[in-house]
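Q: predicted coordinates and the sequence they were generated for:
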Amino acid sequence: MKRTVLIGLLVLMLALALGCTPTKPTPSPSPSLITPATPLASPSPAAVVSPAVSASPAVTSGGAGAKETITGFEEGKTVKESELPQKVKDAIQKAYKNVKIKTITYVTYMNDQVYHVVLSEPAGTEKVDQFYIKADGTIVPYAPTASASPKAAS
C-alpha cells in the first residue's frame, strides 16, 4: 500500500513537472533604438568668416521685421569693448553706469546674433552679472537654461 502511494506521488510529480515546462520559448524583449519625433537639438550652421572684417562690427538689417546680423560674427569669438558699435556701448552705459566689463563674446541667442557680456562685478538694481545685448542696443536678460547655441566647431 505504501509502495502504491509512493509510486502514485512520483507519477503525479512527474506529470506536474512535464505539464509546467513551456513548449515554446518565451520571447524576450530585444533592444531597439527609439528615435524621438522631434530632434533634441538642431545643428548650428558652420561659422562663416567674412573676408573683409572691420575693426568695429557693422550691423546690417534686411528691412522691416528682419533680424539684424553682425558683420564679422563668429560664434564664440571674443570681442574687445572698443570694437563694439556705438549704439551697443551707449545702451550698456545707460543701463549700467560705470560698469567694468570682463568679457564680450559673439553668441546666437533665440536665433539672433547677440553679444554675451559678462561683468567684472554685479551691477544695476537687480545685481546683474551677465546679459545679452542685440546689435540694435536691446538688452536681453541672461538665462542659463535658454537655447544659446554652443560654440561652432573650428
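A: Thanks, I have it.
Q: excluding chain neighbours, what is closest to Val128?
A: Pro122 (6.2 Å; Cβ to Cβ, 6 or more residues apart in numbering). C-beta here means a position set from N, CA and C on the backbone, and glycine is covered the same way.
Q: state the mean pLDDT of the longest helix seen in the chain.
A: When the chain is parsed with DSSP state H, its longest helix is helix 2-20. What helix 2-20 shows for mean pLDDT is 81.
Q: who does that helix touch, helix- and strand-wise?
A: Using 3 or more Cβ pairs under 8 Å, 6 or more residues apart in numbering; DSSP states H and E as the contact criterion, no secondary-structure element is in contact with helix 2-20.
Q: pull the host helix or strand of the residue nearest to Val128 out as CSV, backbone CA atoms only.
A: In the assignment (DSSP states H and E), Pro122 maps to strand 112-123. Extracted in CSV, the C-alpha atoms of strand 112-123 (Å, rounded to 0.1, in the frame of the first residue of the first chain):
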residue,chain,number,x,y,z
ASP,A,112,19.5,86.2,-33.0
GLN,A,113,23.2,87.2,-33.3
VAL,A,114,24.0,89.0,-30.0
TYR,A,115,26.8,89.9,-27.7
HIS,A,116,27.1,88.0,-24.4
VAL,A,117,28.5,90.4,-21.9
VAL,A,118,30.0,89.2,-18.6
LEU,A,119,30.6,91.9,-16.0
SER,A,120,33.5,92.0,-13.5
GLU,A,121,31.1,92.5,-10.7
PRO,A,122,27.3,92.6,-10.4
ALA,A,123,25.7,95.9,-11.4
